[in-house]
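1. any chance you could fold what I've pasted below:
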Amino acid sequence: MQTGNDVADVPFRGHALKFAISGHNSELEVQHIRHKLYEPEEIELILKHMGEDDIVLDLGANVGNHAIALAAVRPRATIHVFEPIKKTCELLRRNIALNALTNIDASNLDIAVDAEDGVLNMVQRINLASSREAKEGIGPAIPKRALRALWPERVDFIKMDVEGAELRIIKSVLDLIKRDGTKIILECYKSTAKQDFADLEALGLEQIDCIERSAVFNVLVQPK
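-> Next up, the predicted model:
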């Protein structure tokens, strides 16, 4: 894999996107080196349901693969990115700068988003895409903020990749989601999908679209 100061060119819908190659995000960066986006089907699903002027929260933005594609295709939209891992945040900032995008708000990086304020312990592996929440005292302690406190004037769309905290975060802002009619896309592992779908239904969220991947469903829901 290429590393260092290399930058991959990734064409998408008439835009020439650029992504830094670190050598520490193998599955994602392999796609960038091949001049492809990572998880393009999910990005297309979001764009299918995303308005031109939407306010979007990308919870777990990683290095910006999704956010940069969305911001380029929807220049009047505002994408707020959230990412807790320091090294990943550095790459995310670099990728935003490489693409000269002014509609991505990166003012809330280096924190974890959760249902309440506190501290989150993370196990950070070599691969930047595989960090996960750990028990207290294991791994670096990262400050976390309640999503409610970070909610802008309205939220039209949320992309969630928060290592299993999706349901508790949704519950914590369910009144705001219903007020704004917020669409949410999240991953449900096939092994737990039946229960996940039932939990989302119990919260008053209906499924409006879905794509199937090898081990997961990317599910798009909105308030009934």
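2. so for stretch 110-126, what's the average pLDDT?
-> On average, the pLDDT along stretch 110-126 is 83.
3. and if you look at stretch 11-20?
-> Stretch 11-20 comes out at a mean pLDDT of 98.
4. list the contacts of that stretch.
-> Stretch 11-20 is contacted by residues 5-10, 29, 32, 35, 37, 40, 63-65, 68-69, 72-73, 91, 94-95, 98-99 when judged by C-beta atoms under 8 Å, 6 or more residues apart in numbering. Heads up, the C-betas are built off the backbone N, CA and C, glycines and all.
5. start to end distance for it?
-> 14 Å (C-alpha to C-alpha, to the nearest Å).
6. ok, stretch 33-47 next?
-> End-to-end distance (C-alpha to C-alpha), stretch 33-47: 23 Å.
7. same check, this time on stretch 48-57
-> Stretch 48-57 end-to-end distance (C-alpha to C-alpha) = 16 Å.
8. buried ones in that stretch?
-> Met50, Asp54, Ile55, Val56, Leu57 (16 or more other C-beta atoms under 10 Å).
9. so where's this protein shaky on pLDDT?
-> Applying pLDDT under 70 to the chain flags residues 1-5, 123-139.
10. any idea how far the nearest residue to Ser172 once chain neighbours are set aside is from Lys159?
-> Spatial nearest neighbour of Ser172, chain neighbours left out: Ala115 (3.7 Å); criterion: C-beta to C-beta, 6 or more residues apart in numbering. Ala115 sits 18 Å away from Lys159, going by C-beta to C-beta, to the nearest Å.
11. who's more crowded, those two?
-> Between Ala115 and Lys159, counted using other C-beta atoms under 10 Å, the more crowded position is Lys159 (25 against 17).
12. the more buried one against Glu187, yeah?
-> No - counting by C-beta atoms under 8 Å, Glu187 is not a contact partner of Lys159; they are 10.0 Å apart.
13. picking that back up, separation between the residue nearest to Ser172 and Lys48?
-> As for Ala115, its distance to Lys48 is 29 Å (criterion: C-beta to C-beta).
14. related to what we said a few turns ago, I'd say the residue nearest to Ser172 and Lys144 touch.
-> No - judged on C-beta under 8 Å, Ala115 makes no contact with Lys144 at a distance of 9.1 Å.
15. list the contacts of the closest residue to Arg148 other than its chain neighbours.
-> In space, not counting the residues next to it along the chain, Arg148 is nearest to Val173; the distance is 5.4 Å by C-beta to C-beta, 6+ apart. Shown in contact with Val173 (C-beta under 8 Å, 6+ apart): Leu147, Arg148, Trp151.
16. quick check: Val173 vs Asn121, distance?
-> For Val173, the distance to Asn121 - C-beta to C-beta - is 23 Å.
17. tell me which element Leu200 is part of?
-> helix 193-202 (DSSP states H and E).
18. what is that helix packed up against?
-> Packing partners of helix 193-202 (3 or more C-beta pairs under 8 Å, 6 or more residues apart in numbering; DSSP states H and E): helix 166-172, strand 183-189, strand 216-223.
19. what are the contacting residues of it?
-> The contact list for helix 193-202 (C-beta under 8 Å, 6+ apart) reads Leu167, Ile170, Cys188, Tyr189, Gln207, Phe217, Val219, Val221.
20. so what's the residue count around Ile96?
-> Neighbours of Ile96 (other C-beta under 10 Å): 23.
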